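Could you look at this predicted model? Sequence included:
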Amino acid sequence: MDILDSLKKIFDDNCVLNDSESLQTFGKDWTKTHQPDPLAIVFPKSTEQIQALVKFANQESLSLVPSGGRTGLSGGAVAANKEIVVAFDKMNQVLEFNSVDRSVKCQSGVITKQLQDLATENKLFYPVDFASSGSSQIGGNISTNAGGIKVVGYGLTRNWVLGLTVVTGAGEILKLNHGLVKNATGYDLRHLFIGAEGTLGFITEATMKLARAPQNFSVMVLAVTDIPALMKVFEAFQNALDLSAFEFFSDLTLHYMHTDKGYAKPTEQEAPFYALLEFDNDNEQREAKALETFEYCMEQGWVVDGVMSQSIEQAKTLWKLREDVSETISAYTPYKNDLSVTISKVPDFLDAVDEIVTKNYSEFEVLWYGHIGDGNLHLNILKPADMDAGEFNQKCSVVNHQVFEVTQKLEGSISAEHGVGLLKRDYLEYSRSPEEIAYMNAVKAVFDPNGIMNPGKMLK
Ligand code: S2G
Ligand code: ZN
């Protein structure tokens, strides 16, 4: 029996596709560097169907690629070598909401925004948020340990996973942690699957924790003189308030938000960099403290102007200056790096990397933005309209080694939140030691002994 017929015995009708349009659509993510070429796309509806597929794939030596919202930026969900793509679009049910546990058990294909809205409806809050939350899926968020814009206040996806149901690459179903807050019974295997990018098995269900909803919050955008000043501003506000976010973007980034999206410039006075911060503002003291800190930063000469939201609506408008950057500049097919160092090392790091890119890319526009509160900087080099994409990517990749050497010297990460996937795999040594990589391969061999799970991603 041929493979497609066998697959049709495992999955429901119309849940096995191999028409060229489906292969192209489901065989990729947001990266555009690899030509999708999967064998077929399957749409499971249950953990048991996935288990049957994994057993079949082990027998037939077939490779499997998990696919969620296909919003990944490192090629982690690309199928370019006749793999079978396992798309979770039909495993998208909320299974249980528990108001006492403040948790939601859901299938992996639930859209991030769906979970956020469910929390809000129940006067709770799912705090992991980023630009792609309208199309990304919980399973993919967990597989890449997605961060986003509220990490400084609420942590990463990893902090909100109470339990997982997984199918290992060996075809075993594991129910990990069962939603327990405390469970001191040995290795916490859930944390191996979080951030594993689908290389150990499939995450089919997750129990996610919800937070108390903030009563009210305010957003400030501050025009900042330089990066050292930005760090002083971060320290001053971090010491004064409970920050839920502390982001930054350069003046050139703001220029594109203004010219391409028509967003108003947030301050009268312009500056080379802008800080965008958010804090819980549920009493007058908080607001007074924020204004007092703003005045102090002005007196120190770190800030030349600033604005504070007076309503939730205005807060959301200010957020769009930062949240909409990725989608706005995607029109320029940017060459992206997603780097992190400990927060205190950000000024030295940004100076060193900026010197490299300025020297090597004097003809390109370089945009800096990201999450200062997490030490996470996004470096985006815009492709000139008249330059061939292949030539541009080749030119930009030339300095990867220099940029990653600086990252390694400062014990930073070559991939802060976007994952390794295909695009960063060959640079892994800059952030992980040979011994660590050997252990990661050993772990992979335990959970996926025949190497059928997302082969070539993250590990060579
Ligand atoms: C951000 C989104 C993806 C990108 O805006 O924080 O993580 O780098 C990014 O454009
Ligand atoms: Zn980011």
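In hand now; what should we look at? Numbers count the residues shown, from 1 in each chain. Ligands and ions are numbered 1, 2, ... in the order given.

Please count neighbours and contacts with C-alpha atoms only from this point.
Fine.

Secondary structure class of the residue in the chain positioned nearest to ligand 1, three-state.
Proximity to ligand 1, evaluated over the chain using Cα to the nearest ligand atom, is greatest for residue 326 at 3.7 Å. Following DSSP: H, G, I helix; E, B strand; the rest coil, we place residue 326 in the helix state.

quick one, what contacts it?
The neighbours of residue 326, taking Cα atoms under 8 Å, 6 or more residues apart in numbering as the test, are residue 131.

tell me the pLDDT at it?
At residue 326, the predicted lDDT confidence score is 94.

how about the residues of the stretch 1-150 of the chain that lie near ligand 1?
Residues of the stretch 1-150 of the chain lying close to ligand 1 (Cα under 6 Å from any ligand atom) are residue 148.

neighbours around residue 67, how many?
By other Cα atoms under 10 Å, 30 other residues sit near residue 67.

per-residue confidence for it?
Looking at residue 67, its pLDDT is 98.

Start at 59, not 1
Fine by me, first position is 59 from now on; the one you just mentioned is residue 125.

Could you double-check that it lies in contact with residue 143?
Yes. Between residue 125 and residue 143 there is a contact at 6.5 Å, judged by Cα atoms under 8 Å.

Give me the common contacts of these two.
Joint contacts of residue 125 and residue 143 (Cα under 8 Å, 6+ apart) are residue 84.

which residues sit in contact with residue 148?
With Cα under 8 Å, 6+ apart, residue 148 has these contacts: 101, 102, 103, 167.

got the phi/psi numbers for the last one?
When read as degrees, to the nearest 10, the backbone of residue 167 gives phi -90, psi 0.

Not including adjacent chain positions, what is the nearest residue to it?
Nearest non-adjacent residue to residue 167, counting by Cα to Cα, 6 or more residues apart in numbering: residue 150, 4.1 Å away.

Backbone dihedrals for that neighbour, both of them.
Dihedral angles (degrees, to the nearest 10) for residue 150: phi -130, psi 30.

Tell me which residues are up against stretch 328-337.
Residues from elsewhere that reach stretch 328-337 (Cα under 8 Å, 6+ apart): 275-285, 288, 299-309, 362-363, 377, 380.

For the helix or strand bottoming out on mean pLDDT in the chain, buried residues please.
The weakest-scoring helix or strand in the chain, judged by mean pLDDT, DSSP states H and E, is helix 447-455 (a mean of 91). The neighbour-count check on helix 447-455 (16 or more other Cα atoms under 10 Å) flags 447, 450, 451, 454 as buried.

Turn these into CSV, including distance to residue 337.
Shown next, in CSV, are the buried residues of helix 447-455 (distance: Cα to Cα, whole Å):
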residue, distance to residue 337
447, 41
450, 40
451, 39
454, 37
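
check these against ligand 1, which are close?
Answer for the buried residues of helix 447-455 near ligand 1: none qualify (Cα under 6 Å from any ligand atom).

hang on, the earlier thing: what's the first helix or strand after the least confident helix or strand of the chain?
helix 458-467 (DSSP states H and E).

Pull out the buried positions in whatever helix or strand comes next after that next one.
Downstream of helix 458-467, the next assigned helix or strand under DSSP H and E is helix 492-505. With burial defined by 16+ other Cα under 10 Å, the residues of helix 492-505 counted as buried are 495, 498, 502, 503, 505.

I'd like these laid out as JSON lines, including distance to ligand 1 and pLDDT.
Formatted as JSON lines, the buried residues of helix 492-505 follow (distance: Cα to the nearest ligand atom, whole Å; pLDDT from 0 to 100):
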{"residue": "495", "distance to ligand 1": "25", "pLDDT": "98"}
{"residue": "498", "distance to ligand 1": "25", "pLDDT": "98"}
{"residue": "502", "distance to ligand 1": "27", "pLDDT": "98"}
{"residue": "503", "distance to ligand 1": "30", "pLDDT": "98"}
{"residue": "505", "distance to ligand 1": "29", "pLDDT": "98"}
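
Farthest pair within those?
Greatest spacing in the buried residues of helix 492-505, by Cα to Cα: 495 and 505 (15.5 Å).

circling back: list the contacts of the residue nearest to residue 167.
With contact taken as Cα under 8 Å, 6+ apart, residue 150 is in contact with 164, 165, 166, 167, 168, 169.
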